[in-house]
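>>> Sequence and predicted structure, then a few things I'm wondering about:
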Amino acid sequence: MLHPSYSDLMRVINSEVEPGDEKVVNSRYSIVMATSKRARQIIAGHEPMVKAKEGEKPLSIAVEEFMQGKIRILGDEEEQEQEA
């Protein structure tokens, strides 16, 4: 079993959403895509935002960054605002 679970990650990522608002992450697929994108950034040379143990894999580092709230997943509207 993976630790943390998908549901734990979804709970953390959606924790800042106001009641009644649309959740940032609605599926496991979104979690997988976001963590894999961040893992690729780490592989490309971006500095981890959490303390990584020696030999720890980039995907594990990415998951820990999400769990600690160091990385946010932007909704479509927020992403478009940042691009403008």
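Everything's here; your move. Given the structure is predicted, the values throughout are model-derived calculations rather than measurements. Numbering: from 1, shown residues only.
>>> The top helix by length along the chain packs against which elements?
Taking DSSP state H as the assignment, the helix of the chain that covers the most residues is helix 28-43. Using 3 or more C-beta pairs under 8 Å, 6 or more residues apart in numbering; DSSP states H and E, the elements in contact with helix 28-43 are helix 6-13, helix 58-67. Quick note: C-beta positions are derived from backbone N, CA and C, even for glycine.
>>> ok, and what's touching stretch 44-55?
Outside stretch 44-55, the residues within contact range by C-beta atoms under 8 Å, 6 or more residues apart in numbering are Ile42, Ile61, Glu64, Glu65, Gln68, Lys70, Ile71.
>>> Select, from those residues, the two members most distant in space.
Ile42 and Gln68 (14.6 Å; C-beta to C-beta).
>>> These two: which has the busier surroundings?
Ile42 (18 against 12; other C-beta atoms under 10 Å).
>>> Distance-wise, check the more buried one relative to Glu16.
23 Å (C-beta to C-beta, to the nearest Å).
>>> Also Ser60?
Noted for Ser60: a distance of 24 Å to Glu16, by C-beta to C-beta.
>>> Looking at the two, which is more packed in?
Each of Ser60 and Glu16 has its neighbours counted (other C-beta under 10 Å); Ser60 has more, 16 against 10.
>>> Just want the most central residue of the chain.
The chain has Phe66 as the residue nearest its centroid, 4.1 Å off, counting by C-alpha atoms, centre = their mean.
>>> Contacts for stretch 17-26, please.
By C-beta under 8 Å, 6+ apart, stretch 17-26 touches Leu9, Met10, Ile13, Asn14, Ile31, Ala34, Arg72, Ile73, Leu74, Gly75.
>>> Find the nearest non-adjacent residue to Val50, please.
The shortest distance from Val50 to any residue other than its chain neighbours is 4.9 Å, reached at Glu64 (C-beta to C-beta, 6 or more residues apart in numbering).
>>> Now do the one you found: how many residues are near it, please.
The burial count for Glu64: 20, using other C-beta under 10 Å.
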